Structures are given as C-alpha cells and as structure tokens.
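# here is a sequence with its predicted model. Questions after.
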Amino acid sequence: MKKKIYIAGCGGMLGEGFYKIFREGYLLKCTDKDVNEDWISFLDFRDFDAYKKDVREFKPDYLFHLGAYTDLEFCELNPDETYLTNTIAVENAVYIANELNIPVLYISTAGIFDGNKELYDDWDTPNPLGIYARSKYMGERYVVENAKRFLICRAGWMMGAGPAKDKKFIQKIMKQLKEGKTILNIVNDKDGTPTYTHDFAENVKLLLEMEYWGLYNMVCGGQTSRLEVAQELLKILNIESKVKINSVDSDFFKDVYFAERPPCERLVNRKLNIRNINIMRDWRTTLDEYIRLYYRNYLNQV
C-alpha cells in the first residue's frame, strides 16, 4: 500500500519538481492558493483551521510544507505578510505534523547566511540580512526546536519548472533572450550554488526513505557565480557569439533589487557527503538538462 504525502504550497517551481518525482511511488494531495494545475486543489496554508482540517482528512504519512514568499523586495515591503506566510504558517505545519505524529519537511535557503564566508556547511550559524532571510531562518529554527521528526533541506539558487513557473535567474535571462536582447547585464559580485528542483526532490526522497531526519544543505555540485551561470547558459544555447555579457556590480540594479543580498550563498552538502547519500549532480549538468527539457521552444528561437 502506497504511503501518503500532503504537499502544501505545491503550485510553484519546487512543487512541480516534487510532484514529478513523488507521484509514482506515493499517494499525493497537492494544495496551493494558486490552483494552476489539475493535480492541485485549493488551500491557503496561512488559514490554520483550514490547513489543519484538510491535512487531518487526508491522513498523510508525511507533511511537506513547500510554499513561501521568495521575492526579496516584496518581503521587505510587506514584512507582516511575509512572517505570516514564511514563519507562522510553518509553525502551523509543525503543530499539525506533531498532532498526527508524522514527519514534516521544511524548505530552507542559502539566503539565511550573511555571505561573509566563502562556503557554508550544514553546521555554520546563519545570520540573516533581510526580512525574507529572517522569516525563513525563524521558520527553520521553529522546526528544529519543536518538530518531533523533521527534514529541513536548504536549497541554493533554484532552477526548475520552465517558463510557466520559474521566476528566478534562468527564466529572467531566457525572457530577455526571447525578447531579442543581445546585451545582458549580469552581476559580477554574487556567488552561490544552483539547485535543480528535480535533483533536490530526488535527494529528499532518498533521505525520507532512509529516515535520516534532520537538517541538510542540498545544492548541486560545483561552486559558481551569477556571471559564470550566465556564461554557461549562453554556451548551452550556442549563442556565445551573438549575445554579449556586460559585467556589472549589484549597484547597477539597486533601484529594482533594493533588498540586501549576501555576496556569497555558496553551500556545501557536508552532511549528505558524510552519510554518503549526496546524489545532487553538478550544476552544469543539471542546467543543460533543464534547458533541454523545459525550453525546447526557446531553443528554436535563440
């Protein structure tokens, strides 16, 4: 008999990856306040009573709490709504999971660090810089301190789900290329680690099935920068000779991206490596796969 997973906040790019990886071996109930797929039903997990009722009725073996506000500028301008969504709703998830005596999965982020180190492992102490980072770290801390059984997996620069749901760096570049831009302004002072949603979900699945509860960094292999990712993308698209990258510092975008961001968000999967269960592939491999799987139409146009 298949085990059941309730996935809250499943309408975004990460939810799509989890649905694809887990749908074969598990019975899923996927919910979100944005019902953008036929496999998603409506639930706003900020409504504690509705959240509790819906999970109780499904009687899952696991509760996955995926959703969050990830737009840093929105978070800075809307702190109360951010804390309600990114922190208090997580407290609700922990309460529900504990009541049902089931494990809870929480997704954290490399953005909770201040960027003063060149590399962060699972045991480094976070020091969040802005509202978004603080709201995510407070969620992480609540899970650690209160959940009976939990998985916390920290992602880096997320990529996945294609143009419909990817609101991050890769899609922003692909959108500019589709619009015919031949010069891309790319920051040269931000380092991090890409994270492909499919690899991320696969590694979560492995941890879940081995019952290795706890907190894990979970990013693709290879440390890099925004500039290098953009260069690799042009190489994959075979348009290096047609499109020029203009290297700029973050101040170039300060009017649009005014929220403080750490200069370095590079994570290393130290715990996964020590346990010998790190199946996250190199970021270049996954970027190539991602583009070929999700941007076939784009590839024909650029």
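Happy to help now that I have it. Residues are numbered from 1 along each chain as shown.
# distance-wise, check residue 203 relative to residue 122.
13 Å (C-beta to C-beta, to the nearest Å). (Each C-beta comes from the backbone N, C-alpha and C, glycine too.)
# out of those two, which sits in the busier spot?
Taking neighbours as other C-beta atoms under 10 Å, residue 203 and residue 122 compare with residue 203 leading, 22 against 19.
# if I look at the more buried one, how far off is residue 209?
Residue 203 is 11 Å from residue 209, by C-beta to C-beta.
# likewise residue 74?
With C-beta to C-beta as the criterion, residue 74 and residue 209 are 36 Å apart.
# same drill for those two, tell me which one is more crowded.
Between residue 74 and residue 209, residue 74 has the larger neighbour count (other C-beta under 10 Å), namely 14 against 10.
# let's verify the more buried one: helix, strand, or coil?
helix (DSSP: H, G, I helix; E, B strand; the rest coil).
# tell me who's in contact with it.
residue 82 (C-beta atoms under 8 Å, 6 or more residues apart in numbering).
# same check on residue 161?
For residue 161, the contact set (C-beta under 8 Å, 6+ apart) comprises 12, 13, 14, 16, 17, 197, 294.
# switch those over to a markdown table; also include pLDDT.
Below are those laid out as a markdown table (pLDDT from 0 to 100):
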| residue | pLDDT |
| --- | --- |
| 12 | 95 |
| 13 | 95 |
| 14 | 96 |
| 16 | 96 |
| 17 | 97 |
| 197 | 97 |
| 294 | 92 |
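# adding secondary structure, distance to residue 34 and neighbour count, write these out as CSV.
Converted to CSV, the contacts of residue 161 look like this (DSSP: H, G, I helix; E, B strand; the rest coil; distance: C-beta to C-beta, whole Å; neighbours: other C-beta atoms under 10 Å):
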residue, secondary structure, distance to residue 34, neighbour count
12, coil, 8, 23
13, helix, 12, 20
14, helix, 13, 26
16, helix, 12, 26
17, helix, 16, 25
197, helix, 17, 25
294, helix, 19, 22
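# between these, which is closest to residue 29?
Nearest to residue 29, judged by C-beta to C-beta, of the contacts of residue 161 is residue 16 at 15.6 Å.
# wait, residue 264 touches residue 191, no?
Yes: counting by C-beta atoms under 8 Å, residue 191 is a contact partner of residue 264 at 4.5 Å.
# now the common contact residues for the two.
With C-beta under 8 Å, 6+ apart, residue 264 and residue 191 have common neighbours residue 118.
# what are the boundaries of the strands in the protein?
For the chain, strands defined by DSSP state E occupy the ranges 4-8, 27-32, 40-42, 62-65, 104-109, 150-155, 157-159, 183-187, 191-192, 194-196, 214-217, 224-225, 244-248.
# now for residue 210, how many residues are close by?
10.
# what's the burial count for the nearest residue to it once chain neighbours are set aside?
The shortest distance from residue 210 to any non-neighbouring residue, by C-beta to C-beta, 6 or more residues apart in numbering, is to residue 277 (6.8 Å). When counting by other C-beta under 10 Å, one arrives at 15 neighbours for residue 277.
# same check, this time on residue 189
Using other C-beta under 10 Å, residue 189 has 16 other residues around it.
# same deal with residue 65?
With other C-beta under 10 Å as criterion, residue 65 counts 25.
# with the one 3 residues further on instead?
Counted with other C-beta under 10 Å, the burial measure for residue 68 works out to 23 neighbours.
# hang on, the earlier thing: let's have the strands of the chain in CSV, adding mean pLDDT and distance to residue 138.
Output for these, formatted as CSV (pLDDT from 0 to 100; distance: least, C-beta to C-beta, whole Å):
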stretch, mean pLDDT, distance to residue 138
strand 4-8, 98, 18
strand 27-32, 98, 22
strand 40-42, 98, 27
strand 62-65, 98, 14
strand 104-109, 98, 11
strand 150-155, 98, 13
strand 157-159, 95, 20
strand 183-187, 94, 28
strand 191-192, 95, 22
strand 194-196, 96, 21
strand 214-217, 98, 14
strand 224-225, 93, 28
strand 244-248, 93, 33
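# okay, the ones you listed in JSON lines with distance to residue 171 next?
Output for those, formatted as JSON lines (distance: least, C-beta to C-beta, whole Å):
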{"stretch": "strand 4-8", "distance to residue 171": "22"}
{"stretch": "strand 27-32", "distance to residue 171": "19"}
{"stretch": "strand 40-42", "distance to residue 171": "20"}
{"stretch": "strand 62-65", "distance to residue 171": "23"}
{"stretch": "strand 104-109", "distance to residue 171": "18"}
{"stretch": "strand 150-155", "distance to residue 171": "16"}
{"stretch": "strand 157-159", "distance to residue 171": "8"}
{"stretch": "strand 183-187", "distance to residue 171": "13"}
{"stretch": "strand 191-192", "distance to residue 171": "16"}
{"stretch": "strand 194-196", "distance to residue 171": "13"}
{"stretch": "strand 214-217", "distance to residue 171": "24"}
{"stretch": "strand 224-225", "distance to residue 171": "18"}
{"stretch": "strand 244-248", "distance to residue 171": "17"}
